[in-house]
Each structure stands twice: as structure tokens, then as C-alpha cells.
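[1] Give me a model of this one.
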Amino acid sequence: MEFELSTLLLGLPLAFGLGWLASRMDIRQLKLENQQAPKAYFKGLNFLLNEQQDQAIDAFIEAVQNDPDTSELHFALGNLFRRRGEYERAVRVHQHLLSRADLSLDDRHRAQHALALDYLKAGLLDRAEEALLKLEGTRFEEQARLALLANYERSRDWAQAAGVAQRLQASGQGDFGTRLAHYLCEQAQTLQQQGHTEQALDLYAQAIQTAPQSARARMEQAKLLHGQGETHAAFAVLMEALDQAPQASPLIAPLLAQYAQACGQQAPALDKLLAIYRGPQPSLDVLDAIVLLQGADATECARDWYVQHLEKEPSLVAAAKWIAGEKLEHEQFHPQVQRALDHAVKPLTRYRCAACGFEAKQHFWQCPGCQTWDSYPARRVEEL
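    Next up, the predicted model:
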């Protein structure tokens, strides 16, 4: 008994020492693991803030390897892959998150939204649509609908786009009336190309009812009516368009002058355009239409108009138009001077997107660069 007691007493310090040593080893291992992940994580953040994305990705991959259960690191890594255009790797990261059974419902929705963005950026529109539709009823619903709207616009599925826009408007996300009118116009133009002019006219009428201030619907309707020989009706539509969308008068004026001459309505058209031109922002396009209606093109009267315009606005385009009909002292050099002026004013006669700055010779209702609707002012670059 004494032997057993003495052995036990001698073994207690040994057992305590071994237990203490084991606990210290566990603590060190835990500290080492905890230090490695945050160190790699903060290292990645530092690279990211310094716009060193390659190094940031390497650091985040290291952090994920040290702690594969950290969802935030996966989200950061997936977003970095997407920003760099490595969409396949971004998809794999977000699909891995969705496959985890321990992921919270909110993080699952977040991963689903990130996956949809990956597909959108990669141009996989069908997969993007499928992923976005799964976000109905989640906190990402509104963002998903906006992305879905852009997706349908990109694939030119105007009927589906209209449905999404109507839901967004009903949920209080803004007024989509003008955009809905554009969708109707796009569908009408498709019908025109197929020869279904009556159905196209019905859609233009719906577009005008949806957005009365939309200049596009009235202009396209007038063009179609004129093409069918109903020039008087086309002229009436454009006169109404000037009242409803005065900001688009530089776009409407050339068509109005053409149709007014075709149906003998020069006088009312001239009165309307003169009133607009004498407003606070005289437009050279409106002035060109006035000159055309007066039958004064390349005459003394036309040059007088351009001189008057120069008194209001320092316009190189107007100056070039004036010189075109002017007799110079060294007339033999006139063609060379005129050619140089015409070359110089070309960039000034373009239209510029107010959203991204993309310039084009013609006016677009949707910017081909950034896909924004109604971002092109009706006025040309020189007049902005």
C-alpha cells in the first residue's frame, strides 16, 4: 500500500508535466494556425489596396488553404477573379461555396448572386438568367432584377425586359416608362422589317401612350407613315412631337422640314421652328431646317442666317457653312480652304454620350458603348 501510494505521488508531477506540455503544444499549434490565416488575409488586403491584384490573389489563396471554411475569404477571392476577367475560376469559387452544407441561408443567396454576376461577365446569358431567377424573394431580389433587365436587353429579348421593368416600377424602383417605350419601339422596328406595318404602328401608338414625352416613338411613327404615303399624318405627328419633346427639336427639325415640303405645309412648320430657334438655346440643326424651308440654301439669305447665328454662338460649323457660299478675295484657293474647314468641323458635328463619352456620327437612343438609354443629348458636340 505504501509502495502504491509513493508511486502515485511520484507519478503526479510527471502526469502534470506531460499534460502541461501537451496543452502548450496545442496552444502553440492553435496560435500558429490563427496567425497564419489573418496574416495572409491582411497581406492580401494590403496588396488589394495597392492595386496589386496578382499578389492579392496569391495571398487570399494561401489564406483559404489555411482556413478552407472561411466563407468571406472565398467571396473576396471570387470577386478578385471576376475583376481580373478569370470568370471560370470565379465560377468555381462560388460554386464551391454553394456546395457547402454548413453555409448560412444569407451567404447562400450572396453566393448565388455572385455566381450570376460571374456568368453575366462571361457572357453566359442563359446561365446568368437561371441564376438570377433563383434570387426572387431574397434580399438580392432588386439587384437581381436590374441585372436580369440588362441581361434581357443584351440578348434583345424586349418582351422579357418589359416584364422585368414593369415589376421594378411596381416595386418602387423608379419610373421605367421611357424605357418601356423604347422596348415597344424596338419590337415595332422588328415588325417593320418583317413587313407587319400595321402591328408596328399599333406598338408605336402604345409607346406614345406609355411615355408621351418620348420623341423616339413619334419620330419612328412619322417615318413609317411617310413611307406609306401618309405624309400629312406624319407631319402632324412631328408637329405634336415638338410640343411634347422640345428637347429633341434638333433631331425632329430636319424630318419636319422634309415632310412639310412634301405636303405643302412650309408656313406652319417655319413658324414653329423659328419660335424654337429664337429660344434660349438656338440649335444649328433647327437653323438648317429653317434655311431649307425658306428655299434659301446656298443663297445670300442663307449666309445671313449663319452670320446671325455666329452673333449668338461662336460656331465653327456655322462659319464653315457661311464661307461655303462666300466669294473670297483669292477664289482659286476656296476649295482647299473649304475642304480644310469641313475636315475640322467633322468632330464637332458628332453626338457624345453623357454617360461614357462615346462619340458617334449619328444619334443613338441607346449608347452602343455603355448601353445606357437616352444618354445622347440631341445637340451636337459643338453645342454642348
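
[2] how about the strands of the protein, start to end?
    Secondary structure of the chain (DSSP state E): strands at 351-352, 359-360.

[3] from the middle of its chain, how far away would the first one be?
    Mean-position distance between strand 351-352 and its chain equals 15 Å (C-alpha atoms, centre = their mean, to the nearest Å).

[4] packing partners for it?
    Applying 3 or more C-beta pairs under 8 Å, 6 or more residues apart in numbering; DSSP states H and E, we find strand 351-352 packed against strand 359-360. All C-beta atoms are positioned from the backbone trio N, CA, C, and that covers glycine.

[5] if you average pLDDT over the strand it packs on, what comes out?
    Averaged across strand 359-360, pLDDT comes to 90.

[6] Low-confidence stretches in this protein?
    For the chain, the stretches with pLDDT under 70 are 1-70, 296-301, 316, 322-334, 336-338, 341.

[7] which residue sits closest to residue 120, ignoring its sequence neighbours?
    Leaving aside its chain neighbours, residue 120 sits nearest to residue 128 (4.4 Å; criterion: C-beta to C-beta, 6 or more residues apart in numbering).

[8] need the contact list for the one you found.
    116, 119-120, 147, 151 (C-beta atoms under 8 Å, 6 or more residues apart in numbering).

[9] returning to that earlier point: from the strands of the chain, which stretch is densest packed?
    Mean neighbour counts were compared across the strands of the chain using mean count of other C-beta atoms under 10 Å; the top stretch is strand 351-352, at a mean of 21.

[10] contacting residues around that strand?
    By C-beta under 8 Å, 6+ apart, strand 351-352 touches 358-364, 376-377, 380-381, 384.

[11] same thing but 7 Å
    Contact with strand 351-352 is made by 359-360, 363, 376, 380-381, 384, as judged by C-beta atoms under 7 Å, 6 or more residues apart in numbering.

[12] So of those residues, which two are at opposite extremes in space?
    The two members of the contacts of strand 351-352 with the most space between them (C-beta to C-beta) are 360 and 384, at 13.9 Å.

[13] I'd like the distance between the residue nearest to residue 96 when sequence neighbours are not counted and residue 111.
    Nearest non-adjacent residue to residue 96, counting by C-beta to C-beta, 6+ apart: residue 74, 6.9 Å away. According to C-beta to C-beta, to the nearest Å, residue 74 and residue 111 sit 8 Å apart.

[14] Find residues that contact each of these two.
    residue 97.

[15] show me what contacts residue 118?
    82, 87, 90-91, 94.

[16] Show me the two of the residues you listed that sit farthest apart.
    87 and 94 (10.5 Å).

[17] More neighbours: those two, which one.
    residue 94 (28 against 18; other C-beta atoms under 10 Å).

[18] doesn't residue 116 make contact with that one?
    No: counting by C-beta atoms under 7 Å, residue 94 sits too far from residue 116 to count as a contact (9.1 Å).

[19] Can you report how many residues neighbour residue 381?
    14.

[20] likewise residue 95?
    The tally of other residues near residue 95 (other C-beta under 10 Å) stands at 13.

[21] ditto for residue 73
    24.

[22] One more: residue 365?
    Neighbours of residue 365 (other C-beta under 10 Å): 18.

[23] What distance do you get for the closest residue to it other than its chain neighbours to residue 281?
    Distances taken as C-beta to C-beta, 6+ apart place residue 216 nearest to residue 365, at 5.3 Å, with adjacent residues excluded. Computed as C-beta to C-beta, the residue 216 to residue 281 distance reads 21 Å.

[24] which one of these two has more residues nearby?
    Using other C-beta under 10 Å as the criterion, residue 216 and residue 281 rank with residue 216 on top: 25 against 14.

[25] Could you verify my assumption that the residue nearest to residue 96 touches residue 93?
    Yes: if you go by C-beta under 7 Å, residue 74 and residue 93 touch, sitting 5.6 Å apart.

[26] Neighbour count: those two, which is higher?
    Neighbour count, other C-beta under 10 Å: between residue 74 and residue 93, residue 93 has more, with 26 against 23.

[27] And for the more buried one, nearest residue in space, chain neighbours not counted?
    residue 78 (3.8 Å).

[28] What about that neighbour, how many residues nearby?
    26.

[29] you'd agree it is up against residue 89?
    No: using C-beta under 7 Å as the test, residue 78 is too far from residue 89 to be in contact (8.1 Å).

[30] domain ranges for this protein?
    19-170, 350-384 (automatic domain parsing).

[31] Redo those domains as CSV? Include distance to residue 200.
    Listed next are the domains of the chain as CSV, based on distance: least, C-beta to C-beta, whole Å:
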stretch, distance to residue 200
domain 19-170, 13
domain 350-384, 16
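
[32] what's the closest of those domains to residue 260?
    Across those, closest to residue 260 is domain 350-384 (C-beta to C-beta), at 19.2 Å.

[33] List the contacts of the nearest residue to residue 203 once chain neighbours are set aside.
    Counting by C-beta to C-beta, 6+ apart, the nearest residue to residue 203 once its immediate chain neighbours are dropped is residue 188, at 3.8 Å. Listed by C-beta under 7 Å, 6+ apart, the contact set of residue 188 reads 200, 203-204, 220.

[34] And the residues you listed, which two are furthest apart?
    203 and 220 (9.5 Å).

[35] And the helices in the stretch 201-350 of the chain?
    Taking DSSP state H, counting those that start in this stretch, the helices of the stretch 201-350 of the chain run over residues 215-227, 231-244, 249-263, 266-277, 284-293, 300-312, 316-324, 334-345.

[36] can I get these in CSV with distance to residue 135?
    Output for these, formatted as CSV (distance: least, C-beta to C-beta, whole Å):
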stretch, distance to residue 135
helix 215-227, 32
helix 231-244, 38
helix 249-263, 39
helix 266-277, 47
helix 284-293, 45
helix 300-312, 54
helix 316-324, 50
helix 334-345, 50
